[in-house]
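Engineer: make a model of this:
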Amino acid sequence: MRNYLGIDIGGTYIKYSLYNEHGTEVERGKDYIKTPKYDLSKLIKIIKLIVNEFERIDGIGLSLPGCIDSENGYIKDGGSIRALDRLNIKDILINELGINVEVENDANCALLAEKWIGNAMECENFICITIGTGIGGALYINNKLVKGNNYFSGEFGYMIIDNLYDKYRLKTLNRDTSTITLIKEIADKKRINYKNLDGIDVFNMIKNKDEEVLNIYRRWIRRLAICIYNIGFVIDPEVILIGGGISNEPKFINDIKLELNKLSIELIKETGRFNSLVNKWNVGVCKYKNDSGKIGAVYNYIVRNSFK
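Structural biologist: Numbering: from 1, shown residues only. Next up, the predicted model:
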């Protein structure tokens, strides 16, 4: 049985685990190593330390943010990890580690995990939306991962959502609807350092019915639901799956569903036309939640090396 190392390098933390060829986790690594966003040498050093934890690795699958030519391992834009801009990270790591490496965009990895052994195994058309430091996404249409001409397909975070005539600050999903945005808005309202606040703290405030926090949270959910609604009508998928750390919170996904239904009802009142597509899209969470990136990275490695 072959073993593959899946490493998910996120905008905030690095997570990793060893998996076998069927996607079963053989050995779990650490989940919260801080990502050095601007220091390539430190990032490579961390990856080396991770690799040295395991006795035998038959290949490494890497999940990364940004615009990635996964065929060649070249990162055109490192997204939230600026140290990766315009690098062939695949060649660098193969030379450093002496082990074959495959790389793929993090949202694409989340989608691949769901298609392989997750909640979209039987789907021909589905969407993944990942919500974290930024907002990413991936499209699977007609049984194929859609990459786009410039490898930017599914980068929903760049969608403009407000202030269309404000030339000084266009609001995008990344800026105004990521989890870090929610945390910063609440921290600002409560006059505390946002670095001392995390998602668990936020949802504890929500569950305790803190009205100031609830108002911010409701606006944030509204913005996100509008995004999902618009994407849904562009693709008309069987399933919309949401991943990222916040997908671990049951209240979050329930609130998204409720807000999508509210949007449908509001539009029915305005247009007089009945549309029940929102309920047919089956909005849910990624099966492996915050582990999807690691699993998808391994699957990407296996697929790319299956005929070699």
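Engineer: kindly check the end-to-end length of stretch 84-92 for me.
Structural biologist: End-to-end distance for stretch 84-92, by CA to CA, to the nearest Å: 11 Å.
Engineer: pull out the buried positions in that stretch.
Structural biologist: For stretch 84-92, burial by neighbour count (16 or more other CB atoms under 10 Å) applies to 84, 89-90, 92. Yep, even glycine has a C-beta here, placed from its N, CA and C like the rest.
Engineer: these: which two are farthest apart?
Structural biologist: The span of those, defined through CB to CB, is set by L84 and K90 at 11.4 Å.
Engineer: what's next to the longest helix anywhere in the chain, contact-wise?
Structural biologist: Longest helix in the chain, counting residues (DSSP state H): helix 211-235. Helix 211-235 is contacted from outside by 125, 127, 129, 131, 135, 137, 139, 141, 156, 159, 161, 173, 176-177, 181-182, 185-186, 189-190, 202, 205-206, 240, 255-256, 259-260, 262-263, 277-278, 281, 283, using CB atoms under 8 Å, 6 or more residues apart in numbering.
Engineer: give me the subset of the buried residues of stretch 84-92 that lies in helices.
Structural biologist: 89-90, 92.
Engineer: could those go into CSV alongside pLDDT and distance to R222?
Structural biologist: Shown next, in CSV, are those (pLDDT from 0 to 100; distance: CB to CB, whole Å):
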residue, pLDDT, distance to R222
I89, 95, 37
K90, 96, 40
I92, 97, 42
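Engineer: closest one to G59 out of the residues you listed, please.
Structural biologist: For those, the nearest to G59 is K90 (11.8 Å; CB to CB).
Engineer: does that closest one touch I99 like I think?
Structural biologist: No - look at K90 against I99 with CB atoms under 8 Å: they stay out of range, at 11.3 Å.
Engineer: which helix or strand contains the residue sitting nearest the centre point of the chain?
Structural biologist: Centroid-nearest residue in the chain: T130, 2.9 Å away (criterion: CA atoms, centre = their mean). T130 belongs to strand 126-131 when assigned by DSSP states H and E.
Engineer: partners of that strand, with directions?
Structural biologist: The pairing partners recorded for strand 126-131 under DSSP bridges are strand 135-140 (antiparallel), strand 239-243 (parallel).
Engineer: for these, which one ends up most surrounded?
Structural biologist: Across those, averaging neighbours per residue (mean count of other CB atoms under 10 Å) puts strand 135-140 on top, at a mean of 27.
Engineer: list of residues touching it?
Structural biologist: Contacting residues not belonging to strand 135-140 are listed as 65, 105-108, 110-111, 115, 120, 123-130, 145-146, 153-157, 173-174, 177-178, 227, 231, 235 [CB under 8 Å, 6+ apart].
Engineer: any idea which helix or strand comes after that strand?
Structural biologist: Scanning forward in sequence from strand 135-140 by DSSP H and E, the next helix or strand is strand 145-146.
Engineer: helices of the chain, start to end?
Structural biologist: Counting by DSSP H, the helices of the chain are 40-51, 89-97, 106-117, 173-176, 179-190, 199-207, 211-235, 250-271, 277-280, 292-305.
Engineer: confidence-wise, which of these is weakest overall?
Structural biologist: Mean pLDDT values for these show the minimum at helix 277-280, a mean of 78.
Engineer: contacts for that helix, please.
Structural biologist: Helix 277-280 is contacted from outside by 229, 232-233, 236, 260-261, 263-264, using CB under 8 Å, 6+ apart.
Engineer: and of the residues you listed, the nearest to V51?
Structural biologist: Using CB to CB, the contacts of helix 277-280 come closest to V51 at G232, 40.1 Å.
Engineer: any idea how far I46 lies from G11?
Structural biologist: Noted for I46: a distance of 15 Å to G11, by CB to CB, to the nearest Å.
Engineer: ok, N105 to I131 distance?
Structural biologist: From N105 to I131 the distance is 15 Å (CB to CB).
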